[in-house]
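# Next comes the sequence, and after it the predicted model I'd like to discuss.
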Amino acid sequence: MALERRRRTTSFARYRMNSPEVIAETIDGEAVLVNLETGDYFSLDRVGAEIWNVLSAGATIEEIGSVLATRYGLDPDIARAAVVGLIEEMQKEGLVVEDGSLGGEGAIELLQATSQPDSMPRPFEPPVLRKYTDMQDQLMLDPIHEVDGTGWPNRV
């Protein structure tokens, strides 16, 4: 299992949102993700939202870990482990999938620009993916789940 986990989360792997099954929005430093297949929704705190935003832009685990280590003064292994742990959780919940593309141009610049230390930088807190199931029934009742290629509402 450990070997399988390492294959899934290699340092130079890129991940992307599992679209169209997942939708996401970042609001006031918190990322909110909804898995439309399961009806579960999730939130990511400040550091998790930083990771989510650059992960979505195509940064690798190594790149994200390196910038976080510099920003928060962390040991690079600790920063990378935090990124790997979050990505593994998101994979388990069906929120991200590995992306074999070589893209990602500008992802590091995005992370650096959005992660500039302010005058009083906050301490590093490992990212936390919080899962909520209280809206599952309502999200699964949404008629959007019945959409086919013709769209919704389907006028006959």
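Perfect, I can see it now.

# Now do T26 against L74, distance only.
From T26 across to L74, the span is 22 Å (Cβ to Cβ, to the nearest Å). Bear in mind the C-beta positions are built from the backbone N, C-alpha and C, glycine included.

# same question but for D45, I mixed them up
According to Cβ to Cβ, D45 stands 16 Å off from L74.

# ditto for R46
15 Å.

# likewise D134?
34 Å.

# Neighbour count: these two, which is higher?
L74 (16 against 9; other Cβ atoms under 10 Å).

# And for that one, nearest residue in space, chain neighbours not counted?
F124 (5.8 Å; Cβ to Cβ, 6 or more residues apart in numbering).

# helix or strand for A82, which one?
Under the criterion of DSSP states H and E, A82 resides in helix 76-92.

# I misspoke; the intended subject was T26.
Using DSSP H and E, T26 falls within strand 22-27.

# for E63, same thing?
helix 61-72.

# tell me the angle that helix makes with helix 76-92.
With axes from the mean of the first three to the mean of the last three Cα atoms, to 10 degrees defining the directions, helix 61-72 sits at 130 degrees from helix 76-92.

# what packs against helix 61-72?
helix 46-56, helix 76-92, helix 107-114 (3 or more Cβ pairs under 8 Å, 6 or more residues apart in numbering; DSSP states H and E).

# Which helix or strand lies directly C-terminal to the last one?
Spelled out, that is helix 107-114. Moving toward the C-terminus from helix 107-114, the next element (DSSP H and E) is strand 129-132.

# how far does stretch 34-41 stretch from start to finish?
One end of stretch 34-41 to the other measures 4 Å (Cα to Cα, to the nearest Å).

# per-residue confidence at the closest residue to P76 other than its chain neighbours?
Distance criterion Cβ to Cβ, 6+ apart; nearest residue to P76, sequence neighbours excluded, is A69 at 4.4 Å. On pLDDT, A69 comes in at 90.
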